[in-house]
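# Show me how the following folds:
(one chain, ligands or ions: 1)
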Amino acid sequence: MGSLHRASKSLKSLRHQLLLHATQQFDSSSRLSGASDYRLLLTRALCSHPRQNAKEAVDLTQYPPERIRNFSIIAHVDHGKSTLADRLLELTGTIKRGHGQPQYLDKLQVERERGITVKAQTATMFHKYNLQGSSLDGSNEPQPFLLNLIDTPGHVDFSYEVSRSLAACQGALLVVDAAQGVQAQTVANFYLAFESNLTIIPVINKIDQPTADPDRIKDQLKSMFDLEPSDCLLTSAKTGQGLEHVLPAVIERIPPPPGEGSGLLRMLLLDSYYDEYKGVICHVAVVDGMLRKGDKISAVATGQTYDVLDVGFMHPELTQTGVLLTGQVGYVVTGMRSTKEARIGDTLFHAKTIVKPLPGFKAARHMVFSGLFPADGSDFEALNHAIERLTCNDASVSVTKEIRSYIFQWQFVDRCGFLGLLHMDVFHQRLEQEYGTHIISTVPTVPYIFEYSDGSKVEVQNPAALPSNSKQRVTASWEPTVLATIIIPSEYVGPVITLCSERRGQQLEYSFIDSQRAFMKYRLPLREIVVDFYNELKSITSGYASFDYEDSEYQQADLVKLDILLNGQAVDAMATIVHNLKAQRMGRELVDKLKKFIDRQMFEIIIQAAIGSKVVARETISAMRKNVLAKCYGGDITRKRKLLEKQKEGKKRMKRVGSVDIPQEAFHQLLKVS
Ligand SMILES: Nc1nc2c(ncn2[C@@H]2O[C@H](COP(=O)(O)OP(=O)(O)OP(=O)(O)O)[C@@H](O)[C@H]2O)c(=O)[nH]1
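Sure thing, here's the model as predicted:
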């Protein structure tokens, strides 16, 4: 601390001297050590780059790691994370009070429309606080702190974003609604933070609500997570009540980031997105060392080297600083051509130095797969282009190209992997809103494993990839499962148990959080929850159930491919893989739905559901009869007969080669059945 203090005092004169040498190249691998050298590094860095705007004038030398706090806000959906983030940004003057844009960090149009957070967002704030023993010069004045706040999504599909954000933090505010109490994602997020060794500050929010019962919530937090009632903060992000205690708790309870200020640069790549003007922007956490504009950096995973073109904070908009220091979270622009070069979880370091790579993250697991087709059936190129652009900003979507028959034509189709159904839905909505493309997506499927008689095992994400007559050759099949957490008011236990057993679930745990709420853990086949499980759970519990899942192991299951045939031709986009026990019922439902949504056409349409060569359901839509005799007034009967014969012939041909018009609605309805 003493050397830091001395270094701070001599900073002004150093700055003056170093300005004279600012043109000298600074070698980041210089053998400097100790806090005063760290200050020297900072000073050199600041002096060697012209200031680019007013915000760059932030004097970073005031923020060694002990003056930095990195924290996340985690919670169940709608418990008030984004609103709390707004209030903290206002409190610290980062955004103006009454900026007229609630949930400031929710920037995407879909986030605003749906009122959910989809992407984690970081904001750097500055706050003065008198922390005992933190003064560098022994004075009793409040000290400046730099706080990096990461707002995270609450929905289960985006928990991957949460675990990434937590890797850059030392603490988390666990926000719980004062009326709803602990919910499924509260449990999941608590364990994510706990397993990452973060300091957890419980915040009971929405205490302004008439039904708020903070004491009950304190008891829940104690019994479920062993969090002390006296550690809980009580707030209302709406009225501002209790907010004055949040930042002091962050500064006092959360430890500063570890890391060596004078060590070699190591940065964790947290996220990336594509910006029209700047190109690829990487969000990074500097674990050790320091990064300056103009440096050359390399990426461990790709081995590529880049020039650092721009560096800064999110304050909350991108703000150039020219430098990022140990413990800080910010952005870097390096001229990468595509976000594919920015591997999430990768370690970035100064080129030509040797560093130990950082642990990184577990890769995102794609839970749901579906093929995307243009709704008008023609503009495949425009759709491909839009998907390519959007995946640049959502690296968690995987895309593979495959050739498929699309209503009797062969086309290259993008098959995408998503983290869950909401993620898929959000992706579709963004394609429509941001790129003006209208799409049809195939029935979502999950990755199955099939074993063939020759002993080979293949992962099948696409039902079309499984030959229809393959049943004889398939010797075994496995399906992915999830561990689901369900929290419900006690009176709904019965219907929820029934729903889970209908969905082939296996109960693993059943207990009570308090006198009013039950907690259940189930192993469920992923296939059974990807379509409509959550909606049904909500509807049988009057909206009170909360649900979360994590992926688990594969289990053996008797799986078959269910084909849909229109006039004898299989429609790839409608094929699905199902459990044998459910195949018949599902085939019937699919055929009935299709009959309702396909209009009568000039020829008869036969709709069939089949497992291999066995038809399990069939419906017929009769032809619209065109009156070919309309213009024949009276006259010869043989002429009439001839016209009718010709019409019959024509219909036969159309049935054979004709393309059945399937409205988009029919595809959407299919999603709801399977
Ligand atoms: N009464 C009351 N309402 C609040 C409070 N905090 C947030 N809300 C409301 O609760 C709703 C959800 O708030 P958000 O901040 O979007 O919740 P979130 O946790 O960020 O939601 P996701 O991003 O979807 O996970 C909004 O309508 C807020 O206005 C509070 O302290 N009191």
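
# and whatever residue of the stretch 351-500 of the chain ends up closest to the ligand, what element?
Distance from the ligand to each residue of the stretch 351-500 of the chain (CB to the nearest ligand atom) is smallest for L422, at 10.3 Å. To be clear about C-beta, it is placed using only N, CA and C from the backbone, and glycine gets the same treatment. Element membership for L422 (DSSP states H and E) is helix 421-435.

# Quick one: list the elements packing against that helix.
Packing contacts for helix 421-435, counted by 3 or more CB pairs under 8 Å, 6 or more residues apart in numbering; DSSP states H and E, involve helix 109-114, strand 368-374, helix 380-393, strand 409-418, strand 439-441.

# picking up where we left off before, what about the residue of the stretch 351-500 of the chain closest to the ligand, how many residues nearby?
20 (other CB atoms under 10 Å).

# In this model D157 seems to touch it, though I could be wrong.
Yes - if you go by CB atoms under 8 Å, L422 and D157 touch, sitting 4.5 Å apart.

# Can you show me the strands along the stretch 501-650 of the chain?
Under the criterion DSSP state E, counting those that start in this stretch, the stretch 501-650 of the chain contains strands at 506-512, 517-525, 546-556, 559-566, 569-570, 576-579, 605-611, 614-621.

# now the shortest one, how far from the chain's geometric center?
Spelled out, that is strand 569-570. 35 Å (CA atoms, centre = their mean, to the nearest Å).

# go on, the third one?
Distance of strand 546-556 from the chain centroid (CA atoms, centre = their mean) equals 17 Å.

# Likewise for the second one?
Averaging C-alpha positions (CA atoms, centre = their mean) puts strand 517-525 23 Å from its chain's average.

# Ok, stretch 613-620 next?
In terms of CA atoms, centre = their mean, the centre of stretch 613-620 is found 39 Å from the chain centre.

# Tell me the buried residues in it?
V616, A617, E619 (16 or more other CB atoms under 10 Å).

# Need the residues you listed in a markdown table (columns: pLDDT).
Formatted as a markdown table, the buried residues of stretch 613-620 follow (pLDDT from 0 to 100):
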| residue | pLDDT |
| --- | --- |
| V616 | 90 |
| A617 | 91 |
| E619 | 89 |
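
# Tell me the one of these nearest the ligand?
Closest to the ligand, out of all of the buried residues of stretch 613-620 and judged by CB to the nearest ligand atom, is A617, at 39.8 Å.

# Please name the residues that touch the closest one.
Counting by CB atoms under 8 Å, 6 or more residues apart in numbering, A617 makes contact with Q584, G587, R588, L590, V591, D592, Q608, A609.

# repeat that with 6 Å
Residues near A617 by CB atoms under 6 Å, 6 or more residues apart in numbering: G587, R588, V591, A609.

# Need the max-distance pair from those.
R588 and A609 (7.1 Å; CB to CB).

# what lines up beside the helix or strand encompassing I281 in the sheet?
If you go by DSSP H and E, I281 is part of strand 279-288. Sheet pairing here is set by DSSP bridges, and for strand 279-288 it gives strand 266-275 (antiparallel), strand 329-333 (antiparallel).

# now those as a markdown table including mean neighbour count, distance to the ligand and mean pLDDT?
Below are those laid out as a markdown table (neighbours: other CB atoms under 10 Å; distance: least, CB to the nearest ligand atom, whole Å; pLDDT from 0 to 100):
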| stretch | mean neighbour count | distance to the ligand | mean pLDDT |
| --- | --- | --- | --- |
| strand 266-275 | 22 | 17 | 85 |
| strand 329-333 | 25 | 20 | 92 |
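
# Quick check: which of those strands is nearest to G171?
Closest among the strands paired with strand 279-288, using CB to CB: strand 329-333, at 13.2 Å.

# Which residues does that closest one contact?
Residues contacting strand 329-333 (CB under 6 Å, 6+ apart): 122, 148, 168, 278, 281-285, 308-313, 318, 324.

# Skip the chain neighbours and tell me the closest residue to K278.
V333 (5.2 Å; CB to CB, 6 or more residues apart in numbering).

# For the residue nearest the centre of the chain, give its distance to M367.
Geometric centre of the chain, nearest residue: F158, 3.5 Å, by CA atoms, centre = their mean. Separation of F158 from M367 (CB to CB, to the nearest Å) stands at 12 Å.

# what residues are shared contacts of the two?
Common neighbours of F158 and M367 (criterion: CB under 6 Å, 6+ apart): none identified.

# Now the phi/psi pair for D532, please.
For D532, the backbone dihedrals (degrees, to the nearest 10) come out as phi 70, psi 0.

# Could you tell me how many residues sit around it?
Counted with other CB under 10 Å, D532 comes out at 15.

# State the pLDDT value of it.
What the model reports for D532 is a pLDDT of 75.

# cool, A57 as well?
57.

# Could you do Y544 as well?
80.

# any idea how far the closest residue to it other than its chain neighbours lies from F190?
Leaving aside its sequence neighbours, Y544 sits nearest to P489 (CB to CB, 6+ apart; 5.1 Å). Applying CB to CB, the value for P489 to F190 is 21 Å.

# out of these two, which sits in the busier spot?
Applying other CB under 10 Å to P489 and F190 shows that F190 carries more neighbours, namely 22 against 13.

# Helix or strand: which one has that one?
helix 184-195.

# Output that helix in PDB, but only the C-alpha positions, please.
Extracted as PDB, the C-alpha positions of helix 184-195 are listed here (Å, rounded to 0.1, in the frame of the first residue of the first chain):
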ATOM      1  CA  ALA A 184     -36.600 -22.500  -9.900                       C
ATOM      2  CA  GLN A 185     -34.100 -20.100 -11.600                       C
ATOM      3  CA  THR A 186     -33.200 -18.600  -8.200                       C
ATOM      4  CA  VAL A 187     -32.100 -22.100  -7.200                       C
ATOM      5  CA  ALA A 188     -30.200 -22.700 -10.500                       C
ATOM      6  CA  ASN A 189     -28.500 -19.300 -10.500                       C
ATOM      7  CA  PHE A 190     -27.600 -19.600  -6.800                       C
ATOM      8  CA  TYR A 191     -25.700 -22.800  -7.500                       C
ATOM      9  CA  LEU A 192     -24.000 -21.400 -10.600                       C
ATOM     10  CA  ALA A 193     -22.700 -18.500  -8.500                       C
ATOM     11  CA  PHE A 194     -21.900 -20.800  -5.500                       C
ATOM     12  CA  GLU A 195     -19.900 -23.200  -7.600                       C
END
